[in-house]
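In: just to be clear, the model below is a prediction. Sequence and coordinates:
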Amino acid sequence: MSKLKKRPTLLIVDDEKHTRDGLRAIFENDFDVFVASNPESALQLLTEEKIDLLLTDLRLGSSSGMDLLQKALNLESPPICIMMTAYGSVDTAVEAMKRGAYDFVTKPINLERLELLVKRALRERELRNENLELRRKVENPRGLENMIGQSEVMVRVFETIRQVAPSRATVLIEGESGTGKELAARAIHALSNRADKPFIAVHCAALSPQLLESELFGHEKGAFTGALERRIGRFEQADGGTLFLDEIGEIDSTTQVKILRFLGERTFERVGGNQTLHADIRLIAATNRNLQQMVAEGTFREDLYFRLNVVRIRMPPLRERPGDIPLLAQAFLRESSLENGKPLRQFTPEAMSRLLSYHWPGNVRELRAAVEHGVVMATGSRITLADLPESLQNPTTVSPEPFHPTNSPSSIPTLTPSPPTTPTLNLDQNERSLILQALKQTRGNRSQAAKLLGISRRTLYRRLEELKISPPHSS
């Protein structure tokens, strides 16, 4: 299945309306086209939107396109700039190329030449971006790129991961199911000096005690019925790298003793063997249970708990960081759209509103599944509320039992639209409330508010006008 490519963006700047409209008609099948009639409007679009190609006249009424060119080229991610000029101003166009413009065309425009020029320019930009991406991967090949979040609680998680990764310390990751504990473990490994060595993950709850012991430490031939040959365990496989034990609260007392011994001496024996083996591994454990409570109940060894809990990372449930939901949802939308070959780029406001107000008992894992369901079921260009799973269309009002690890830090949600006790079916009223909350959270910054809502800035502008909302000034 071929993967979808994001349509490039084109900004056309000309003070003549018929020129703008004509060029828009030519390119709108292949581009997301923006138009402006003056340098001020053009510069605003350049700073608010990610423009790939700028096509501007050198004369814009009483203004000069040369100033716009210079400002565009000074942006952090400058667009390709192609100038349009009257035949008598070719010298000026050549000067524009010296300043960084890609090329120019003369008026009246030869459309065939312009289209070829645009295709060539975009291909060169694509190659340049590929080179930059390769360089970025070389300079920072792995790390936190698979973990998404801007909320305060996630920023603290990222900071802890960066700080603990270079050390040899054992790490205990706590959190509800679906919060991304294995992603955090992989990030620690990727940022450590063991990144080029194995990362071995074992899901302890999926195996019986006997099978888990054999899985971890290996076994000798004949150690038990069915042991027809020697097996190398996960501790040996992870030598030099990282061993991740997920759901460590599920292991039995015998395996707890063996893990405790390894953490103290860095040695172990295979099941049925008497040879002492050594492994240089970094151990990371994860649990969705309260280990300290299990210690008090006598179901988990206190000495093992302290050995594991050298550095503790708490992965917050999704309901504690609702401001990250639009970021996560958009990332999952892009991923699932590519995988399923469907050109979906946005959620409708009511769909995003439901994503924000839902309590997410399955956390990030459930959100990913919900977005993929929406992509599969969508028939239009956006995911609607009707495309989402039934559990979101008719959500229960009962929240899941909260996860309370030891000394759990409080968190401050960034965007918390609470569903009213008596729900209203007034779509405009709900959308107005959601937009106002986003604008309040971003202090009037409409670009950030649009990103938070998972819509384009143009859509936000249109809804602000239609709903007669006067946003506060950004600070």
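Out: Structure received. Numbering: from 1, shown residues only.
In: check the gap between Gly180 and Asp324 for me.
Out: 11 Å (Cβ to Cβ, to the nearest Å). Yep, even glycine has a C-beta here, placed from its N, CA and C like the rest.
In: low-confidence ranges in this protein?
Out: 1-6, 87-88, 129-143, 395-430, 454, 471-475 (pLDDT under 70).
In: contact partners for the residue nearest the centre of it?
Out: Nearest to the mean C-alpha position of the chain, by Cα atoms, centre = their mean, lies Ile148 at 4.0 Å. Going by Cβ atoms under 8 Å, 6 or more residues apart in numbering, Ile148 touches 324, 327-328, 331.
In: of these, buried ones?
Out: 324, 327-328 (16 or more other Cβ atoms under 10 Å).
In: what's the closest of those to Asp21?
Out: Comparing those against Asp21 with Cβ to Cβ places Leu327 closest, at 35.9 Å.
In: same for the strand or helix carrying that closest one, what does it pack against?
Out: For Leu327, the host element (DSSP states H and E) is helix 325-340. Helix 325-340 sits against strand 346-347, helix 349-357, helix 363-377, helix 446-453, with contacts defined as 3 or more Cβ pairs under 8 Å, 6 or more residues apart in numbering; DSSP states H and E.
In: I'd say Val171 and Ile313 touch.
Out: Yes: counting by Cβ atoms under 8 Å, Val171 touches Ile313, with 6.3 Å between them.
In: so what sits against both of those two?
Out: Here Val171 and Ile313 have Val164 as joint contacts, going by Cβ under 8 Å, 6+ apart.
In: if you count surrounding residues, which of the two has more?
Out: Set side by side, Val171 and Ile313 show more neighbours around Val171, with 25 against 20, by other Cβ atoms under 10 Å.
In: residues in contact with that one?
Out: Contact partners of Val171, counting by Cβ under 8 Å, 6+ apart, are 164, 185, 188, 283-285, 310-313.
In: 7 Å instead, please
Out: Val171 sits next to 164, 188, 284, 311, 313 when contact means Cβ atoms under 7 Å, 6 or more residues apart in numbering.
In: what of Thr160?
Out: Taking Cβ under 7 Å, 6+ apart as the test, what Thr160 contacts is Ile313.
In: which helix or strand contains it?
Out: helix 152-164.
In: send me that helix as PDB with only the CA atoms.
Out: Extracted C-alpha coordinates of helix 152-164, given in PDB (Å, rounded to 0.1, in the frame of the first residue of the first chain):
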ATOM      1  CA  GLU A 152       3.900  19.900  33.100                       C
ATOM      2  CA  VAL A 153       3.800  16.300  34.300                       C
ATOM      3  CA  MET A 154       5.300  15.000  31.000                       C
ATOM      4  CA  VAL A 155       8.000  17.600  31.000                       C
ATOM      5  CA  ARG A 156       9.000  16.300  34.400                       C
ATOM      6  CA  VAL A 157       9.100  12.700  33.000                       C
ATOM      7  CA  PHE A 158      11.300  13.800  30.100                       C
ATOM      8  CA  GLU A 159      13.700  15.600  32.400                       C
ATOM      9  CA  THR A 160      14.000  12.500  34.700                       C
ATOM     10  CA  ILE A 161      14.600  10.200  31.700                       C
ATOM     11  CA  ARG A 162      17.300  12.500  30.400                       C
ATOM     12  CA  GLN A 163      19.000  12.700  33.800                       C
ATOM     13  CA  VAL A 164      18.900   9.000  34.700                       C
END
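In: mind checking what helix or strand follows it in sequence?
Out: strand 171-174.
In: that next one: partners in the sheet, and parallel or antiparallel?
Out: Strand 171-174 pairs in its sheet with strand 282-287 (parallel), strand 311-314 (parallel), by DSSP bridges.
In: buried ones in that strand?
Out: Quick answer for strand 171-174 (16+ other Cβ under 10 Å): 171-174.
In: show me which of those is closest to Ser41.
Out: So of the buried residues of strand 171-174, ranked by how close each gets to Ser41 (Cβ to Cβ), first place is Ile173, at 49.3 Å.
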